[in-house]
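**Student:** I would like to see how this sequence folds:
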Amino acid sequence: MKLQIRLLGSMELRVDDQVVTPGAAKRQAVLAGLAMEANQSVSLQRLADMVWADIPPASAVANLRSHAAGLRRELGDRLVARPNAYQLRLSPHELDVTEFHRLAGEGRALLAAADPAGAVRTLTAALAYWRGASGDGLPRGTVLDSRWASLDEQRLQVFEELAEARLAAGEHGQLLPQLRVHLAAHPLRERAWGQLMLALYRCGDVPAALTVYRDARAILDEELGIEPGEELANLHRAMLDRASELAYTPPAAPVTTTTVPVAAPPGDAPTPAPWPAGSVGWTVPRELPADLVTFVGRARETAEVVTALGGTAPATVVVTGAFGSGKTALAVRAAHTLARDFPDGQVFVDLGHQRAVTPGEVLARVLRALGVAPADVPENTDERAGWFRSLVAGRRLLLVVDGVTRAAQVRPLLPAGPGPALLVVGQTRLSSLDGVQRVTLRPLGAAEARDLLGTLAGPQRLLADATATAELVRLCAGSVLALRIAGMRLAARPGRSVEALIGQLTDGREQLDLLDYEDLSVRASLAAVVAAVRAEDEVAGQLLVLLGAAPDAPLQLDRAARQLGVSASRLRRALDDLVDAHLVHRDEPGRYRLPGLVREYAAELTAVPPVAAHPLTGWRVDPLAA
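**Tutor:** Residues are numbered from 1 along each chain as shown. Predicted coordinates for the structure are as follows:
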């Protein structure tokens, strides 16, 4: 049995990669307590202290045995009964708390060994396990509350250790926004104040650095009645003196273009390979888009991508999931985390969900990014693929390809040997690609959704209207895109309540209109996905319209096949295509449903009169035909 227990945020239990609800809050607290003391016998008395905040009831032992019996149905022989105690058997990698501690320790060791790049990579991976406050949503009790408080404090410490590593790696400019957000939430952290001062100083903004010291001093005096500690005060004096030891000396700039002769290297060593013809300049591409400061959650998935691509063996990862689930943001975050492992460059290609983009066009785009002059790109796709393999052989190059709709578009880019790595973002699993690791993004949980809204609109604003916030989270249905747009709308209108936005979103005529902000649009994102599905399978597109006409009615395959004029087996293939594209959910065999926002979009499609083709899809389907 494969288990995964996540406590760094709201509790999550996965059994054989399926999310399982452990039961009511008290049962979840029992599981949390056993997981926190995994592989040890936990007495019934200690479990009772964990589960109940005050004096346990007389029925506590009976209740605990009942909860244990319920958990055993999910956990099997992993939950062992002892005399007046229980023991949960876990491997270290099965609990996010253990993995966080392991990576944090490794990161500290790397920082102490003067390897800031390695420390940044490892500490970033450690923090990626966090999805919110530890134990979020579990019953309050003295024993577990102390554990959660300790973990939350460790999270802050690791963030500041990461900031120290990033300063040592010369990332002072990129670090500024994260430090400001950190201090806005935790204004009494002297170490972080000093890090913000040093980052500003190294960016050349000495007045701002000195102003930060003044702000820190005022806050510490107002909140605690104390002066800044010796370390912060010494840093301030050193800045006033323009002390030379505060300056950052960057490493020598890498040479971005080299010329490699046509002659092959001696012997049979393939690393790096000669260029395919004459001599070609190797341009070190740095094409990754900016990382999102407000990236929230996805700890396990980010860690999976980073781990899979971080080694030297050839590797390919496909990130898939529903529209607007944050696939691109996760890929960009993982790619930035990995960038130091790929000194020969990072190439980013966005296919825009365009099925018409050919493998040859993708290869041409990558070859140009690697320094091949447009006039020198071969005409033949196979020749382009050969050039590409020769250029990247043995080189530490990361390729990120977004918006992929067909496996054929990226098949020529699959690494043929050690060195390069490929990260693919697609709406479907691209199942015909062999030997790849797939990471599927599911809708954000409620706690992560609230965290994302809070980073955009402000956590206090959401706390002031908790009921409306919960409804907003529900309406956004776990879509990162919808949540981001909703948060931006709230941020742009500080005087508008969350409840007022809910009132507009619950008007079906306006929901997708409101989930459109500047260059972000739920409707446009769905339209691109639907168009790609339709280009692959016209019947699937027609079926989506049909489902939108009666989203609550059970799907009758034979009747739907007659309406669309196809066989039942052909309809099943179309239905599978919609499931693969995450436009339809299969709850159990024979039962299907449209996710919330897809439902709204499909309803818009069915609203078009059947006598006219829909302007976005071109379909002429009468959804009400018998």
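**Student:** could you look up the SS state of Leu288?
**Tutor:** coil (DSSP: H, G, I helix; E, B strand; the rest coil).
**Student:** same question, Val439
**Tutor:** Assignment for Val439 (three-state DSSP): strand.
**Student:** now swap in the one 10 residues further on and tell me
**Tutor:** Using three-state DSSP as the criterion, the local structure at Ala449 reads helix.
**Student:** wait, isn't it in contact with Cys476?
**Tutor:** Yes: between Ala449 and Cys476 a contact is recorded at 6.6 Å, counting by Cβ atoms under 8 Å. C-betas here are computed from N, CA, C, even on glycine.
**Student:** which neighbours do those two have in common?
**Tutor:** Residues touching both Ala449 and Cys476 by Cβ atoms under 8 Å, 6 or more residues apart in numbering: Leu483.
**Student:** biggest helix in the chain, by residue count?
**Tutor:** When the chain is parsed with DSSP state H, its longest helix is helix 142-168.
**Student:** quick check: mean pLDDT across that one?
**Tutor:** Regarding helix 142-168, the rounded mean pLDDT is 90.
**Student:** any weak-confidence spans in this structure?
**Tutor:** Applying pLDDT under 70 to the chain flags residues 53, 249-283, 293, 312, 507-510, 588-590, 607-626.
**Student:** tell me which stretches of the stretch 401-550 of the chain form strands.
**Tutor:** In the stretch 401-550 of the chain, the segments counted as strands under DSSP state E, counting those that start in this stretch are 421-426, 437-441, 516-517, 520-521.
**Student:** tell me which of these lies nearest to Val61.
**Tutor:** Between Val61 and these, the shortest separation by Cβ to Cβ is 40.9 Å, and it involves strand 437-441.
**Student:** got the domain boundaries for this protein?
**Tutor:** 1-169, 258-441, 446-518, 522-606 (automatic domain parsing).
**Student:** tell me the SS of Glu361?
**Tutor:** Assigned with three-state DSSP, Glu361 falls in the helix class.
**Student:** give the contact list for it.
**Tutor:** By Cβ under 8 Å, 6+ apart, the contact list for Glu361 is empty.
**Student:** and for Val424?
**Tutor:** Applying Cβ under 8 Å, 6+ apart, the residues near Val424 are Thr316, Val317, Val318, Val319, Val401, Val404, Val410, Leu430, Leu433, Val436.
**Student:** from these, which is closest to Leu111?
**Tutor:** Nearest to Leu111 among the contacts of Val424 is Val317, at 27.3 Å by Cβ to Cβ.
**Student:** what bridges to that closest one?
**Tutor:** Leu423, Gln437 (DSSP bridges).
**Student:** got a list of what it touches?
**Tutor:** Glu304, Val305, Ala308, Leu309, Leu422, Leu423, Val424, Val436, Gln437, Arg438, Val439.
**Student:** if we use 6 Å, what do you get?
**Tutor:** Val317 makes contacts with Val305, Ala308, Leu309, Leu423, Gln437, as judged by Cβ atoms under 6 Å, 6 or more residues apart in numbering.
**Student:** now swap in Arg333 and tell me
**Tutor:** Residues in contact with Arg333, defined by Cβ under 6 Å, 6+ apart, are Asp291, Phe295, Thr302.
**Student:** mind doing that once more with 10 Å?
**Tutor:** Going by Cβ atoms under 10 Å, 6 or more residues apart in numbering, Arg333 touches Thr124, Ala128, Leu288, Asp291, Leu292, Phe295, Arg298, Glu301, Thr302, Val305, Val306, Gly326.
**Student:** cool, and Gln354?
**Tutor:** Gln354 makes contact with Glu361, Gly403, Val404, Thr405, Arg406, Gln409, Ala528, Ala531, Ala532, Ala535 under the criterion Cβ under 10 Å, 6+ apart.
**Student:** residue boundaries of the helices in the stretch 51-200 of the chain?
**Tutor:** 60-75, 96-112, 116-127, 142-168, 172-185, 190-202 (DSSP state H, counting those that start in this stretch).
**Student:** closest to Gly371 out of those helices?
**Tutor:** helix 116-127 (24.8 Å).
**Student:** what's the burial count for Arg286?
**Tutor:** Counted with other Cβ atoms under 10 Å, residues neighbouring Arg286 total 12.
**Student:** you'd agree it is up against Ala339?
**Tutor:** Yes: using Cβ atoms under 10 Å as the test, Arg286 is close enough to Ala339 to be in contact (8.2 Å).
**Student:** quick revisit: next, give me the two most distant ones among the contacts of Arg333.
**Tutor:** Maximum distance among the contacts of Arg333 (Cβ to Cβ): 18.0 Å, for Leu288 and Glu301.
**Student:** what's the nearest residue to Arg599 if we skip its chain neighbours?
**Tutor:** Pro551 (5.0 Å; Cβ to Cβ, 6 or more residues apart in numbering).
**Student:** look up phi and psi at that neighbour.
**Tutor:** phi -60, psi -20 (degrees, to the nearest 10).
**Student:** count of neighbours near it?
**Tutor:** Counted with other Cβ under 10 Å, Pro551 comes out at 16.
**Student:** for the one 3 residues further on, same thing?
**Tutor:** Applying other Cβ under 10 Å, we find 9 residues neighbouring Pro554.
**Student:** how about the contacts made by the spatially closest residue to it that is not a sequence neighbour?
**Tutor:** Closest residue to Pro554 apart from its sequence neighbours, by Cβ to Cβ, 6+ apart: Arg591 at 7.3 Å. Residues near Arg591 by Cβ under 10 Å, 6+ apart: Pro554, Leu555, His585.
**Student:** nearest to His67, of those residues?
**Tutor:** Among those, His585 lies closest to His67 (Cβ to Cβ), at 30.3 Å.
**Student:** I'd say Glu538 and Arg573 touch.
**Tutor:** No: with contact defined as Cβ under 10 Å, Glu538 does not count as touching Arg573 (11.8 Å).
**Student:** the two: who's more crowded?
**Tutor:** Set Glu538 next to Arg573 and count neighbours by other Cβ under 10 Å: Glu538 wins out with 16 against 13.
**Student:** what about the more buried one, distance to Ala560?
**Tutor:** Per Cβ to Cβ, to the nearest Å, Glu538 is found 15 Å from Ala560.
**Student:** same deal with Ala192?
**Tutor:** For Ala192 relative to Ala560 (Cβ to Cβ), the value is 58 Å.
**Student:** the more surrounded of these two?
**Tutor:** Using other Cβ under 10 Å, the more surrounded residue of Ala192 and Ala560 is Ala192, with 21 against 18.
**Student:** most neighbours, which of the contacts of Gln354?
**Tutor:** For the contacts of Gln354, neighbours tallied by other Cβ under 10 Å; top is Val404, 29 neighbours.
**Student:** following the host helix or strand of Val332, which helix or strand comes up?
**Tutor:** Using DSSP states H and E, Val332 sits within helix 327-338. Following helix 327-338 in sequence order, the next helix or strand is strand 346-350 (DSSP H and E).
**Student:** next, the angle from that following strand to strand 421-426.
**Tutor:** Between strand 346-350 and strand 421-426, the angle comes out at 20 degrees (axes from the mean of the first three to the mean of the last three Cα atoms, to 10 degrees).
**Student:** can you give me the offset of strand 346-350 from its chain's centre?
**Tutor:** 18 Å (Cα atoms, centre = their mean, to the nearest Å).
**Student:** again with stretch 553-567
**Tutor:** Counting by Cα atoms, centre = their mean, stretch 553-567 comes out at 37 Å from the chain centroid.
**Student:** tell me which residues of it are tucked away?
**Tutor:** By 16 or more other Cβ atoms under 10 Å, the buried positions in stretch 553-567 come out as Leu555, Ala560, Ala561, Gln563, Leu564, Val566.
**Student:** then stretch 177-188?
**Tutor:** Of the residues in stretch 177-188, Gln178, Leu179, His182, Leu183 count as buried by neighbour count, 16+ other Cβ under 10 Å.
**Student:** shared neighbours, Glu538 and Arg573?
**Tutor:** In contact with both Glu538 and Arg573: Val566, using Cβ under 10 Å, 6+ apart.
**Student:** quick one: which of the contacts of Arg591 is nearest to Asp465?
**Tutor:** Once Cβ to Cβ is applied, the member of the contacts of Arg591 that ends up nearest Asp465 is His585, at 29.8 Å.
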